[in-house]
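K.L.:
Next one to model:
(chains A and B)
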Amino acid sequence: MTALLEKFRQLADAREALTQLSQDPFRVTIERILSPTEALVNGRPMILAGTNNYLGLTFDPQCIEAAVQAVQEQGTGTTGSRMANGSFSGHLALEKELAEFFGRRWCNVFSTGYLANLGVIAALTGPGDVILIDADCHASIYDGCRMSGAEIIRFRHNDVADLYKRLARLRERSTNTLIIVEGLYSMLGDRAALTEIAAAKRKYGAYLLVDEAHSLGVLGKRGRGLSEEAGVEDSIDFIVGTFSKSLGATGGFCVSDHPEVDLVRYVSRPYIFTASPCPSVIASTRVALHKLQTKPELRVQLWNNAQRLYDSLKGLGFRLGPDPSPIIAARFGQKEETIAFWNGLFDQGVYVNMILPPAAPDGGSLLRCSVSAAHTPDQMDRICQAFASVKAALLS
Amino acid sequence: MTHYETILPQLYEILKPFAQDGQTLSDETELVADLDLDSMKVMEILLEVEERFDISIPLNVIPDVRTIRDFARQIEQLTERK
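P.N.:
Numbers count the residues shown, from 1 in each chain, chains lettered A, B, ... in the order given. From the prediction side, this is the model:
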């Protein structure tokens, strides 16, 4: 390898070591997707238990119909940014519908959830400002923080006392501070301590951004996320979210009552310098957002499935996150044990996400499941049985 | 004794458990290259330093910290800002 590429040697060695232990879990090919919860992988049917497809809307007939119609009427792509090429009417309609859904005045739609965090955080904050982020925040939040040039300070995961301590240290700078947390944390599925965090924000005059990527459509009576469930929506300055989970498409957004969010369009590089969302994506997302609001039974089914798997894995003795949620992660110590378990589940026809160090909290490893409203009782049985049988096999 | 000179021994005390057998720490000791610290250990150390000196260390300064001297200088600046 040349000096330029030398940095990849360690990565190549790590991948080689991983493939010695199993097939490469990060290069699984889904040959054919059959439904929100099933696919053909390596020629065999597999239950998908790690998709974030919480409401199971990816195969919803009306979402598909809307997407197909949009392709036929508006073409396959927008071929440019909204700033240069202009907004399609669908972009503006979706922004209006999202703002109404959240009861906010302003909304910006981005091409992905990742770009929404980059675009919003880097536009709202800059050199001289401070960002206080929960240590377990998603990489898109960290990347947005880096892009902003603001001072980035982490507080211990969900540790409100630590947050208070760091706000106090900032003194008068606390009013130039943006606190960032997530509704549901993507690795362990635990909720932010949002009531207390909102109180801290109010006390110190800071701003608060909540990423509801995993909690949109999942938490709250109307599915608006943890901010709604905790009853603190009035204290949340900015809500960021994604279309790629409960809405079954791809894209991201930010809603707020601060009119400056509408000005973010003019300064946000991740908004300006990328192609806007495709008409088909916007069309299916609009229908999915309507379904999210009009079909609360999907949320009930999702939580039934979540509780079922959480109770089952807890009964089997797995170390899980603190509370049931549609993200259920079994914690493992040794990487090798995690890889063996993942392979065992794969052989049993169950696909889950494997998270290895340093991606998992506390330097450990995880097998992360995300359940869907679309999982049938039989599929839930098979997922639970697979965990039980692989555990028994590895212990014997 | 300067402020920097009061910080240094406290920093040695925090870093000593991470030293290799027989390794002597100096202000030129490199945190990653000499102490073989991974990202988890670095975060653990940061939390301990923050508690000891009652400061918050911005993530932005970490790329500029290579040696124990760099680390002590950053702590000095952050404590003076208080």
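K.L.:
Indicate whether the helix or strand hosting A:Trp342 makes contact with chain B.
P.N.:
A:Trp342 belongs to helix A:335-347 when assigned by DSSP states H and E. No. Judged by Cβ under 8 Å from any Cβ of the partner chain, helix A:335-347 and chain B are separated, with a smallest distance of 13.5 Å. (C-beta placed from N, C-alpha, C; glycine too.)
K.L.:
Stretch A:137-155 too?
P.N.:
Yes. Contact of stretch A:137-155 with chain B (Cβ under 8 Å from any Cβ) involves A:Cys145, A:Glu151, A:Ile152, A:Ile153, A:Arg154.
K.L.:
Can you add neighbour count and pLDDT and give the residues you listed back as a markdown table?
P.N.:
Compiled in a markdown table, the residues of stretch A:137-155 next to chain B are given as follows (neighbours: other Cβ atoms under 10 Å in any protein chain shown; pLDDT from 0 to 100):
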| residue | neighbour count | pLDDT |
| --- | --- | --- |
| A:Cys145 | 27 | 98 |
| A:Glu151 | 22 | 98 |
| A:Ile152 | 23 | 98 |
| A:Ile153 | 23 | 98 |
| A:Arg154 | 24 | 97 |
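K.L.:
In terms of secondary structure, what does the helix holding A:Trp342 contact?
P.N.:
Packing contacts for helix A:335-347, counted by 3 or more Cβ pairs under 8 Å, 6 or more residues apart in numbering or on different chains; DSSP states H and E, involve helix A:8-21, strand A:327-332, strand A:353-355, strand A:365-370, helix A:377-395.
K.L.:
repeat that with 7 Å
P.N.:
For helix A:335-347, the packing partners by 3 or more Cβ pairs under 7 Å, 6 or more residues apart in numbering or on different chains; DSSP states H and E come out as helix A:8-21, strand A:365-370, helix A:377-395.
K.L.:
Would you tell me which of these gets closest to B:Gly22?
P.N.:
helix A:8-21 (27.0 Å; Cβ to Cβ).
K.L.:
on that earlier part again, okay, the angle between the helix holding A:Trp342 and helix A:8-21?
P.N.:
Inter-element angle recorded for helix A:335-347 and helix A:8-21: 50 degrees (by axes from the mean of the first three to the mean of the last three Cα atoms, to 10 degrees).
K.L.:
Give the pairing partners of whichever helix or strand comes after helix A:335-347; include direction for each.
P.N.:
Next in sequence after helix A:335-347, counting helices and strands by DSSP H and E, comes strand A:350-351. Strand pairing for strand A:350-351, using DSSP bridges, gives strand A:44-48 (parallel).
K.L.:
To which secondary structure element type does residue 52 belong?
P.N.:
By default, I'm working from chain A. coil (DSSP: H, G, I helix; E, B strand; the rest coil).
K.L.:
oops, chain B please
P.N.:
B:Arg52 is classified as helix under three-state DSSP.
K.L.:
and the nearest residue to it once chain neighbours are set aside, what pLDDT?
P.N.:
Excluding the flanking residues, the one nearest B:Arg52 by Cβ to Cβ, 6 or more residues apart in numbering or on different chains is B:Gln10, at 6.2 Å. Here, the pLDDT recorded for B:Gln10 equals 95.
K.L.:
What helix or strand is residue 69 located in?
P.N.:
I'll assume chain A. Applying DSSP H and E, one finds A:Gln69 within helix A:61-74.
K.L.:
I was after chain B.
P.N.:
Per DSSP H and E: helix B:68-81 holds B:Arg69.
K.L.:
What parts of the stretch 151-300 of chain A come near chain B?
P.N.:
Residues of the stretch 151-300 of chain A lying close to chain B by Cβ under 7 Å from any Cβ of the partner chain are A:Glu151, A:Ile152, A:Ile153, A:Arg154, A:Arg166, A:Arg169.
K.L.:
Please enumerate the strands of the stretch 201-350 of chain A.
P.N.:
With strands called from DSSP state E, counting those that start in this stretch, the stretch 201-350 of chain A shows them at A:207-211, A:238-242, A:252-256, A:327-332, A:350-351.
K.L.:
Strand A:207-211 and the second one, what's the angle between them?
P.N.:
Using the same axes, to 10 degrees, the interaxial angle of strand A:238-242 with respect to strand A:207-211 works out to 10 degrees.
K.L.:
re earlier: the residue nearest to B:Arg52 reaches B:Val49, doesn't it?
P.N.:
No. Using Cβ atoms under 7 Å as the test, B:Gln10 is too far from B:Val49 to be in contact (8.6 Å).
K.L.:
ok, back up a step: can you redo the helices and strands packed on helix A:335-347 as JSON lines with mean pLDDT, mean neighbour count and distance to A:Val109?
P.N.:
Listed next are the helices and strands packed on helix A:335-347 as JSON lines, based on pLDDT from 0 to 100; neighbours: other Cβ atoms under 10 Å in any protein chain shown; distance: least, Cβ to Cβ, whole Å:
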{"stretch": "helix A:8-21", "mean pLDDT": "85", "mean neighbour count": "11", "distance to A:Val109": "35"}
{"stretch": "strand A:365-370", "mean pLDDT": "96", "mean neighbour count": "24", "distance to A:Val109": "24"}
{"stretch": "helix A:377-395", "mean pLDDT": "96", "mean neighbour count": "16", "distance to A:Val109": "33"}
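K.L.:
of all the ones you listed, which lies closest to A:His91?
P.N.:
The closest of the helices and strands packed on helix A:335-347 to A:His91 is strand A:365-370. By Cβ to Cβ, the value is 28.3 Å.
K.L.:
still on that earlier bit, reformat the strands of the stretch 201-350 of chain A as JSON lines; add mean neighbour count and mean pLDDT.
P.N.:
As requested, those are exported to JSON lines (neighbours: other Cβ under 10 Å; pLDDT from 0 to 100):
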{"stretch": "strand A:207-211", "mean neighbour count": "26", "mean pLDDT": "98"}
{"stretch": "strand A:238-242", "mean neighbour count": "27", "mean pLDDT": "98"}
{"stretch": "strand A:252-256", "mean neighbour count": "26", "mean pLDDT": "98"}
{"stretch": "strand A:327-332", "mean neighbour count": "25", "mean pLDDT": "96"}
{"stretch": "strand A:350-351", "mean neighbour count": "23", "mean pLDDT": "96"}
